[in-house]
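Visitor: Below is the sequence, then the predicted model.
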Amino acid sequence: MPKRGRKYSMARAQVDRLRLYGPRDALELVKSVSFAGFDETVEVHMRLGVDPRQSDQQIRGTVVLPQGLGKEVRVLVFADGEGAKLAEEAGADYVAYDDEMLQKIQGGWTDFDVAIAVPEMMGKVGRLGRILGPRGLMPNPKTNTVAPAEDLPRLIREAKAGRVEYRLDRYANMHVPIGKVSFTADQLVENFGAVVDAVRKARPPAVKGSFIRKIAVASSMGPGVKVDPFQALAMEVSA
């Protein structure tokens with residue numbers, strides 16, 4: 001493990017490693033110990049009581065953060081005809097409807113944050129899996145990024161408003177951004193609650209016992225702060 005710098009060590013010393021903080025206290029602490037010279041992203045990290053090797057215990061979905069992500073989200077839409085027109089009118093940054101754009105992506109261009117596709121385009125989009133897949137940009141029905149043309153305006157609005165994906169890794173962990181250090185504590189708490197609630201509702205029927213076992217929050221460069229899962233699950237989430 002690489003040696004940490006002096007600023008990190010000073011921030012780490014302010015965190016009680018044995019304490020399980022309430023969600024608000026944890027997020028306020030993350031803000032107060034942030035030391036980087038840029039507006040760090042705040043993430044929530046969860047350890048789930050599932051077996052990722054089992055197909056019936058896979059967890060993947062999206063949630064719209066009520067307070068957004070604090071950054072401009074660039075959206076690319078794979079659609080042609082009426083779908084392309086709807087995407088442009090809804091504010092898509094890029095619309096891929098011809099071979100020229102597909103070839104550009106195949107060449108390695110991925111200057112966008114979210115990709116959405118209509119089902120009719122998935123035959124062509126599938127050929128871009130080698131480029132889009134490793135970057136988490138491949139459209140997928142499970143993440144509400146493959147939908148009929150009439151749904152494109154809504155999906156584009158949600159993506160730009162702060163829709164994020166949660167996805168289980170092979171170690172049964174999840175890592176989800178919930179905003180920026182510059183957000184108020186209220187904004188971070190609201191986004192945190194939305195993510196925890198979405199993951200809780202995504203619990204597979206096959207899972208027995210404790211589901212959300214551990215939670216921590218941290219900024220991009222800062223130390224992790226442990227959150228009491230019971231307090232997190234007891235939060236009231238705005239509809």
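Guide: Looks like it arrived, so ask away.
Visitor: where are the low-confidence patches of this structure?
Guide: The model of the chain has pLDDT under 70 over residues 1-3, 237-239.
Visitor: domains for it, by residue range?
Guide: 19-69+163-233, 75-160 (automatic domain parsing).
Visitor: These: which one's closest to Tyr8?
Guide: domain 19-69+163-233 (6.8 Å; CB to CB). For glycine as for every other residue, the C-beta is placed from the backbone atoms N, C-alpha and C.
Visitor: That closest one: end-to-end distance?
Guide: 17 Å (CA to CA, to the nearest Å).
Visitor: Just give me how far that domain sits from the chain centre.
Guide: The chain centre lies 9 Å from the centre of domain 19-69+163-233; the measure is CA atoms, centre = their mean, to the nearest Å.
Visitor: For the chain, which segments are assigned as strands?
Guide: With DSSP state E applied, the chain shows strands at 41-48, 60-64, 75-78, 94-96, 114-117, 163-167, 173-180, 212-219, 225-227, listed in chain order.
Visitor: now the helices for the protein?
Guide: Along the chain, counting by DSSP state H, helices occupy 6-13, 23-32, 81-89, 99-106, 122-125, 129-132, 152-161, 185-201, 229-233.
Visitor: From the rest of the structure, what touches the third one?
Guide: In this structure, residues lying in contact with helix 81-89 by CB atoms under 8 Å, 6 or more residues apart in numbering are 77, 79, 95, 97, 116, 118, 120, 149-150, 152-153, 156.
Visitor: May I ask which of the residues you listed has the most neighbours?
Guide: Ranked by neighbour count (other CB atoms under 10 Å), these have Val77 at the top, with 30 neighbours.
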